[in-house]
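Need a 3D model of the following:
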Amino acid sequence: MTQVDHSRMANAIRGLAMDAVEKAKSGHPGLPMGAADVATVLFTQFLKFDAADPKWPDRDRFVLSAGHGSMLMYALLYLTGNKEMTLDQVRNFRVLGSKTPGHPENFETSGVETTTGPLGQGIATAVGMALAEKMLAAEFGKKVVSHHTYVLASDGDLMEGVSQEAIAMAGHWQLNKLIVLYDDNGISIDGPTSIADSVDQVKRFKSAGWAAELIDGHDPKAIAAAIARAQKSNKPTMIACKTTIGYGAPTRAGTAKAHGEALGAEELKGAKQKLGIALEPFSVPDDVLKAWRAAGSRGVAARKEWETQFAELGNRKRAEFERRLRHERPTSLAKALRAHKKALLETPQNIATRKSSELAIEAIVPALPEFLAGSADLTGSNNNKAKSAVAFSAKAPKGRFIHYGIREHGMAAAMNGIFLHGGFAPNGATFMVFTDYARPAMRLAALMGAGVVYVMTHDSIGLGEDGPTHQPVEHLAALRAIPNMRVFRPCDAVEVAECWELALNRTDGPTVLALTRQNLPQLRTNAPAENPCSHGAYELVAAQGDAKVSLFASGSEVEIAVAAQKQLAERGIASRVVSVPSLELLLAQPADRQKAVIGNAPVKIAIEAAVRWGWDAVIGSDGIFVGMHGFGASAPAKELYKHFDITAEAAVNAALKRLG
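Below is the predicted model:
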């Protein structure tokens, strides 16, 4: 393209972005205006995609990490010919029900690879996408899997701490098909970034094992040359593109006023006149639109070539590839877990649920080739590495265990990218208390419906001597409060197997497995075909006669409830025990099922080594809660349970007092 042609195409992005934000009276015009040159070069010359087939498996991935600049994404989708992104959708920017929400949402908008907006999440998620590409290519071959992951990142993305975790991992793993285009405009909401930051980003990335350089982000030849160099690099690449935020705006260009608000009628008019854009809102010259549509169909030949190469794979390998991209589980998984549960019933295991999880994983791995585990430097404690698993590294891309390092946030975000890319069933592990470090990415997983699994061990005061800094008390309630987050806290080896089965078959949302450090008895004596944990709760021990007391508990406290039931029986008081591996799943059941599980015993007691929040929906506000009311302490687990009065005796005494 000539400089004039490029300018007109880039200005089409700027014009649509300005008009959409102006019509909505809210939004962020500055980034689309400033980054339009970079995006134009990328989409017209380098990005491998077919606008008519946005889910083509070997397409390049483009992640707008700077999600506030969403109109850049929507303008590109419309201009390149994405069928769902009509001009009316662009006009309805930020309107309820439109496909152009304030920040990009992959579950709303075709062509959006991942939901972004919380800064840092996009670049960290992209690391997971690039990682999945590298692993899948090693398994299925580069004729079938060979694509780049591009990221457009802002100053804010690189200020967020998760970006450091992400770039360190990418550099260490030599993810050379990851290319970050940094919109280096030097402006944030408060003003020049210099008021809060003086990091040399080029040096920072180089120190993490990246190739990095600084270019003029408004020079199309410089942009193209830099991307071409990046494509040939044996390292991930960061290209700092020096740009002017709000490029073309007569008084706001290069200032914070261009960042996050509509330009206003006069400024918009002045910008259009300066850039040579027609004043009519949402107008794109026919020849410019035609050129953009040609860019959108530029990848058709590459897609067809890929389809030919894919067809040359053997039938079995081709079917396996397609199954895994659909996140469809093989029938062998259910068979393997049935055999595992049968073995547990024949030889009960009185072990910590983290160890029970390890046994389940050993059964799962041979049946589920896409099983991809990892840990944030706690592998020996989390017990989620199969004996057969080889550690992934730059030189061992077929490895199926990832050492994430002490990077819980980066791990959780990368798992989102791995799942969204397709081909793997990722799980990551750390201590339960450190979900605090991972929560932003976990929340996005729930929002996007990403089927990832979090193996969270050391789930209560039962971890013992490490004390209150490591003992989660509020975390179960906090995680249960996240919409679409499934939290399982199994009580024994059989429930662990059942919860793993549910977690792996849940591909429309994330699952937490909260597991113990301390040993627990195996309480289950059967494993029915209909998974009892699938309803969130079930009656583990029935009452002898009409129940006067219902004892509800999760995880390690179920054994306390069973002991309390026996003590009550010795006193002639009929009671029942309900295991509640997933409180929020119980509360999502139909009313009649909830009522049947909760029962009508006059005394209801919940036992959980955590705070009370959430349990009133089961036991009522006048129900009895045996659990934590503050932070824990440093001591052996058995002493702590006595100290905090989380015992069978406490439950029995409370029941007796209530019964009068």
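
can we go C-alpha only for contacts and neighbour counts from here?
Noted.

Just give the closest residue to residue 145, not the sequence neighbours.
Closest residue to residue 145 apart from its sequence neighbours, by Cα to Cα, 6 or more residues apart in numbering: residue 137 at 4.8 Å.

what pLDDT, on average, does stretch 220-233 get?
Averaging pLDDT along stretch 220-233 gives 98.

For that stretch, list every residue counted as buried.
The neighbour-count check on stretch 220-233 (16 or more other Cα atoms under 10 Å) flags 220, 222, 223, 224, 226, 227, 230, 231, 233 as buried.

List the residues that contact the third one.
Pointing back at residue 223 there. For residue 223, the set of contacting residues under the criterion of Cα atoms under 8 Å, 6 or more residues apart in numbering consists of 38, 41, 215, 216, 217, 241.

does it belong to a helix or a strand, and which?
For residue 223, the element it lies in under DSSP states H and E is helix 220-232.

How far does that helix sit from its chain's centre?
A distance of 31 Å separates the C-alpha centroid of helix 220-232 from that of its chain, computed with Cα atoms, centre = their mean, to the nearest Å.

what helices or strands is whatever helix or strand comes next after that helix leaning on?
Going down the chain from helix 220-232, the next helix or strand is strand 237-242, by DSSP H and E. Counting by 3 or more Cα pairs under 8 Å, 6 or more residues apart in numbering; DSSP states H and E, the packing neighbours recorded for strand 237-242 are strand 178-184, helix 201-207, strand 211-216, helix 220-232.

Can I get these in CSV including distance to residue 12?
As requested, the helices and strands packed on strand 237-242 are arranged in CSV below (distance: least, Cα to Cα, whole Å):
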stretch, distance to residue 12
strand 178-184, 19
helix 201-207, 30
strand 211-216, 20
helix 220-232, 15
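
Those: which one's closest to residue 437?
Each of the helices and strands packed on strand 237-242 was checked against residue 437 via Cα to Cα, and the shortest separation belongs to helix 201-207, namely 22.5 Å.

List the buried residues of that closest one.
Applying a neighbour-count criterion of 16+ other Cα under 10 Å, the buried positions in helix 201-207 are 201, 202, 205, 206.

Next one: the first one from residue 166, what distance?
Yep, that's residue 201 we're talking about. Look at residue 201 and residue 166: by Cα to Cα, to the nearest Å, they are 14 Å apart.

Please apply the same query to the last one.
Taking Cα to Cα as the criterion, residue 206 is separated from residue 166 by 14 Å.

what ranges do the helices span in the stretch 301-450 of the chain?
Counting by DSSP state H, counting those that start in this stretch, the stretch 301-450 of the chain forms helices over residues 315-325, 331-346, 353-364, 379-382, 408-421, 435-448, given from the N-terminal end onward.

Single out the most deeply packed of these.
helix 408-421 (a mean of 29; mean count of other Cα atoms under 10 Å).

tell me the mean pLDDT for that helix?
98.

Just list what that helix packs against, helices and strands only.
Helix 408-421 is packed against helix 121-140, helix 161-173, strand 425-431, helix 435-448, with contacts defined by 3+ Cα pairs under 8 Å, 6+ apart.

related to what we said a few turns ago, need the contact list for the residue nearest to residue 145.
Contacts of residue 137 were listed using Cα under 8 Å, 6+ apart, and they are 144, 145, 146.

doesn't the last one fall inside a helix?
No: with DSSP: H, G, I helix; E, B strand; the rest coil as the criterion, residue 146 is coil rather than part of a helix.

you'd agree it is up against residue 133?
Yes: proximity of residue 146 to residue 133 meets the contact threshold set by Cα atoms under 8 Å, at 7.2 Å.

for the chain, what's the longest helix?
Secondary structure of the chain per DSSP state H: the longest helix is helix 3-24.

Could you list the residues in contact with it?
Contact partners of helix 3-24, identified using Cα under 8 Å, 6+ apart, comprise 27-29, 32-33, 36-37, 39-41, 71-72, 75-76, 90-95, 220, 261-265, 268, 272, 275, 277, 281-284, 288, 291-292.

Which positions within the lowest-mean-pLDDT helix or strand in the chain qualify as buried?
Averaged element by element with mean pLDDT, DSSP states H and E, the chain has its least confident helix or strand at helix 3-24 (a mean of 93). Within helix 3-24, the residues that count as buried by 16+ other Cα under 10 Å are 6-24.

Over to stretch 471-484?
Residues of stretch 471-484 classed as buried: 471, 472, 473, 474, 475, 476, 477, 479, 480, 482, 484 (neighbour count, 16+ other Cα under 10 Å).

so how far is it off the chain centroid?
16 Å.

From start to finish, how long is that stretch in a straight line?
Counting by Cα to Cα, the terminal residues of stretch 471-484 are separated by 25 Å.

And the average pLDDT for it is what?
With pLDDT averaged residue by residue, stretch 471-484 scores 98.

ok, and what's touching that stretch?
Residues from elsewhere that reach stretch 471-484, judged by Cα under 8 Å, 6+ apart: 432-433, 435, 443, 446-447, 449, 458-464, 485-487, 509-510, 583-584, 609-614, 628, 630-632.

Now list the buried members of the residues you listed.
432-433, 435, 443, 446-447, 449, 458-464, 485-487, 509-510, 583-584, 609-612, 614, 628, 632.

now the closest residue to residue 76 other than its chain neighbours: how far from residue 81?
Counting by Cα to Cα, 6+ apart, residue 13 is the residue found nearest to residue 76 once chain neighbours are left out, at 7.0 Å. Computed with Cα to Cα, the distance linking residue 13 and residue 81 is 14 Å.
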